[in-house]
Structures are given as structure tokens and as C-alpha cells.
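[1] Sharing a model prediction with you, sequence too.
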Amino acid sequence: MAMSPSSLKQEAHPPHPTLRWTSVDIDKLKLDDTNQAPVIESDMARPMSPDLDVWDSWPLADPAGKPVRWRDGELWFALAVPREDDPEERHHKARIHHFHRVADRFVHLGQTLTEGHTPGTREWSGSARFENGQVTLFLTVAGRAGDRATTFMQRIFSTSASLDPDGDFGIWSPAVECVSADGLHYRPADQLVGEPGKIKALRDPAHFRDADGTNYLLFTGSSAAQPGSHDGVIGLAVEDEQGKYRTLPPVITAVGVNNELERPHIVEHGGLLYLFWSTQRGVFAPGIVAPTGLYGAVASSISGPWQLLNGTGLVLSNPADAPTQCYSWWVLPDFSVASFVDYWGPADESRPETETRRARFGGTFAPFVQIAVEGNHSWLVR
């Protein structure tokens, strides 16, 4: 039975505002027609460009999270790189690019920030707010400028520029580090070596403005209080009167369960806050079986208490027959859901994976899907 905002508010608060996502929750998970996305067919996985791989994406949105109108469509950002033989190399060269979305079509406009604008070797995911003619881009800066080797340091920065409704960006302001690991709740993400799925995290800043006007940033983090091989958390920082962000305790912790709760973001609906994140099957702790998918929780306020959607957290998974076809979901205020086409094609067991990656990797915007929510329940509409 779906819960109303009032019934959620009346529930007893837990002793700590952080929601713990556990293996017991995940053990209850079942895949069915309400939570499995349709299979991506070959005509849906065509690259948007023969020269570009595109993955994590997000819209330019107003402070409430609604995409703004721009040139009879919308302005979107995504990570992108020139296509290479091994798509896994994209993580070491990623830059933010921007795109014009009209209906279901995306047109590439170019790289957003000039080389050297941020003090890293590449740029990873973030979010973008539009207010009073200004774009504020929150982003992850990976590596450190001048590094001779690829490192996995992650820092959270912001930069701003004007944007004409029918024009392009003005001059971007100097990039400023806006959230840092406090060593109490969040570990620094300063590894020199690593591999996808196993590195520690301080990335994916997503802006959220509460009804009282307070600005927050959610982010993907790693626990400093309980460090380990699987210590993923969803972090939170609040903006003070001087415009500086200070960290708060995590919203959700998955210590002992999962290493990466990626790209967290909040959608307000019906007096409730819906928190969504993405994670992959390979980053769950040994012995925990769960699909690559979009997961979520709900609360009546940013301070909680938070409840897992559907009792397990699972909102949308890849289909069982195509478990890696999409990733990095982003839920819009109308509950349409963006993602990118990942390894969608069937694996060729007779050939090494490194030889088939290019043929199987989509590297393009996936068809949007639609979900619906009511209280602490969600389901796939189409």
C-alpha cells in the first residue's frame, strides 16, 4: 500500500538521520515488469556521432530541477570523448560537452570548458543550475594538472557563466573547489592508482534547493567513519550565508554492501523528496546479488527519515537478458528518465572481452523511459 506524505511524516525517526542500505533490504529484491527496462534494440543504440562517445548526462535546470527552455528545446551536458578502440579508456580523457535537445534528438555543440580551466586532467559528472541568466556548473575534477600518470584524485568544483536564451555561454568564472572531504564523514578520494568500481569517491555533485530556499549539494562519497572495500555513501553539503558549502552526515550509507552510490539527485513531488542514485552489479560486496540499476529513497524533508523505495531501493533495472545495456540514470521532474547506452549487445564468448567492447558499447543517449511514483512505491510506466 502506498504511503502518503502525512503518514511518512508520522513515522518514528531513527536514532540517526542516515539511512543504512543493507543486504537484508537487497535480499527482498525481485525483478518483474514494474522494474525492468525494455531491451535496447540495435536501431536504438546507434552512436549520435561517428566520432564521439557520450555517457553520463544532465540538463541545465532551474533551481527546482526543471530543465529550462533554450533554443526551442533544452540544453544538456554530458561526458564525451573522441571514439577510440577501447571505450574503457574514456574515463581517463573525459570532458564535459554540451548538447541541444529537441524532442528525442541530441545535437552536439562542443566542449563546454576550455582546456586548463579546471585544475585536473579530466572532468567527470555533475549538475547545472540556471538562475538570473547565469549558469552554475557543478562538476567533478579528476586527477591533478601536471600529473605524469593517470591518478584517481577527485575534487568537487563549480564555475559560472552567463547564457543568452538564444546564444552561447559568456566567460566562465575561475573554477572554485566547493566541497572537500572532512575526514569525519567522508574519505578523501586521493588514490594514485585504481580501477573502475574499486576507487574511493568524492564526485557527482548534484544541486538541490529546498522549499525554504536553502541550497544543498548531494554527492557520491566514501565513508570515513567506517572505511573499507565497500564503503559507499551519498554525501550532503549545505550552503551557508557566505555561499560556502559545509558537509553534513551522509544521507545514505551502504557500508559493507556497495562501493559506489553514483550520481545521487533529488526530485520533489507531491510534498515528498525522491532521492535517486545509480549503481552497478559489480560494485556490490561479495555474496550480494543485485542488478545494475536506478535505486531510490523517499522522505518528507531533506533531514529525513528516509525510506527505501519499494522496500529494497530498486526503481529500475536493466533487463535480465541485457544486464549492462544502460547506466547513469537521471530522473527529471516529470519522472522521465535519461541514461546512456552502455554495453548493450550480446557478448561473444568465443572472443576476449577487450576485442568485443567497441562493438558492444553504445556510447550514446539512451531512449528515455517513464516511471511513476506514489508515496514509497515506484513502477515502470513504459
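    Everything's here; your move.
[2] so Phe340 touches Ser328, yeah?
    Yes - Phe340 is within contact range of Ser328, at 5.8 Å (criterion: Cβ atoms under 8 Å). For the C-beta atoms, the positions are set from N, CA and C on the backbone; glycine is no exception.
[3] Can you list the residue ranges for strands in the stretch 51-200 of the chain?
    52-61, 69-70, 73-82, 95-102, 105-111, 122-131, 134-142, 154-162, 176-179 (DSSP state E, counting those that start in this stretch).
[4] and Gly282, what are its phi and psi?
    phi -80, psi -10 (degrees, to the nearest 10).
[5] Can we start the residue count at 359 from this point?
    Renumbered: residue one is now 359, and that last one reads Gly640.
[6] shared neighbours of Phe698 and Ser686, anything?
    413-415 (Cβ atoms under 8 Å, 6 or more residues apart in numbering).
[7] and those as a markdown table, adding distance to Gln600?
    Shown next, in a markdown table, are the shared contacts of Phe698 and Ser686 (distance: Cβ to Cβ, whole Å):
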| residue | distance to Gln600 |
| --- | --- |
| Trp413 | 35 |
| Asp414 | 30 |
| Ser415 | 32 |
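[8] Check these against Asn617 and report the nearest one.
    Nearest to Asn617 out of the shared contacts of Phe698 and Ser686 is Asp414 (Cβ to Cβ; 17.5 Å).
[9] What's the local residue count around that closest one?
    The number of residues packed near Asp414 is 25, by other Cβ atoms under 10 Å.
[10] What score does it have for pLDDT?
    Here the pLDDT value assigned to Asp414 is 98.
[11] Do I have it right that Ser538 meets Gln512?
    No - here Ser538 does not reach Gln512: they are 10.6 Å apart, not a contact under Cβ under 8 Å.
[12] Which of those two has more residues huddled nearby?
    Neighbours were counted for Ser538 and for Gln512 using other Cβ under 10 Å; Gln512 has more, 26 against 15.
[13] Who are the contact partners of the nearest residue to the more buried one once chain neighbours are set aside?
    The spatial neighbour of Gln512 that comes closest, neighbours along the chain excluded (Cβ to Cβ, 6 or more residues apart in numbering), is Ala547 at 3.9 Å. Counting by Cβ under 8 Å, 6+ apart, Ala547 touches 510-513, 539, 557-561, 580.
[14] how about a cut-off of 6 Å?
    Counting by Cβ atoms under 6 Å, 6 or more residues apart in numbering, Ala547 touches 512, 558-560.
[15] now swap in Glu535 and tell me
    513, 515.
[16] now it, which residues is it bridged with?
    Here Glu535 shows beta-bridge partners Phe515, assigned using DSSP bridges.
[17] Including distance to Asn393, could the contacts of Ala547 go into CSV?
    Shown next, in CSV, are those (distance: Cβ to Cβ, whole Å):
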residue, distance to Asn393
Gln512, 30
Lys558, 29
Ala559, 25
Leu560, 30
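[18] ok, so of those residues, who is nearest Arg567?
    Using Cβ to Cβ, the contacts of Ala547 come closest to Arg567 at Leu560, 21.9 Å.
[19] Hmm, Lys388 and Leu672 touching each other?
    No - using Cβ atoms under 6 Å, Leu672 is not in contact with Lys388; the gap is 8.7 Å.
[20] quick one, which of these two is more surrounded?
    More crowded of Leu672 and Lys388, by other Cβ under 10 Å: Leu672, with 25 against 9.
[21] where does this structure have low pLDDT?
    Counting by pLDDT under 70, the chain has low-confidence residues at 359-374, 704-713.
[22] Skip the chain neighbours and tell me the closest residue to the residue nearest the centre of it.
    Central residue of the chain (Cα atoms, centre = their mean): Arg621, 1.9 Å from the mean position. Among residues not flanking Arg621 along the chain, Asp562 sits closest, at 4.7 Å (Cβ to Cβ, 6+ apart).
[23] The one you found - that's part of a strand, no?
    Yes - Asp562 forms part of a strand when assessed by DSSP: H, G, I helix; E, B strand; the rest coil.
[24] What are the neighbouring residues in contact with it?
    Here Asp562 is in contact with 483, 577-578, 620-621 (Cβ under 6 Å, 6+ apart).
[25] ok, those vs Val613, which is closest?
    Thr578 (14.2 Å).
[26] which ones are touching that closest one?
    So Thr578 contacts 559, 561-562, 619-620 (Cβ under 6 Å, 6+ apart).
[27] quick one on the thing from earlier: and which of the shared contacts of Phe698 and Ser686 is nearest Ala612?
    Relative to Ala612, and with distances defined as Cβ to Cβ, the nearest of those is Asp414, at 19.9 Å.
[28] ok, now how distant is Trp379 from Phe698?
    According to Cβ to Cβ, to the nearest Å, Trp379 stands 24 Å off from Phe698.
[29] Compare the two and say which one has the larger neighbour count.
    Under the criterion of other Cβ under 10 Å, the comparison of Trp379 against Phe698 puts Trp379 first, with 26 against 22.
[30] Please report phi then psi for that one.
    Here Trp379 shows phi and psi, under degrees, to the nearest 10, equal to phi -90, psi 120.
[31] just Met402 next, same as before
    phi -90, psi -10.
[32] ok, the closest residue to it other than its chain neighbours to Ala461 distance?
    Nearest residue to Met402, sequence neighbours excluded (Cβ to Cβ, 6+ apart): Pro725, at 5.5 Å. The gap separating Pro725 from Ala461 is 12 Å, by Cβ to Cβ.
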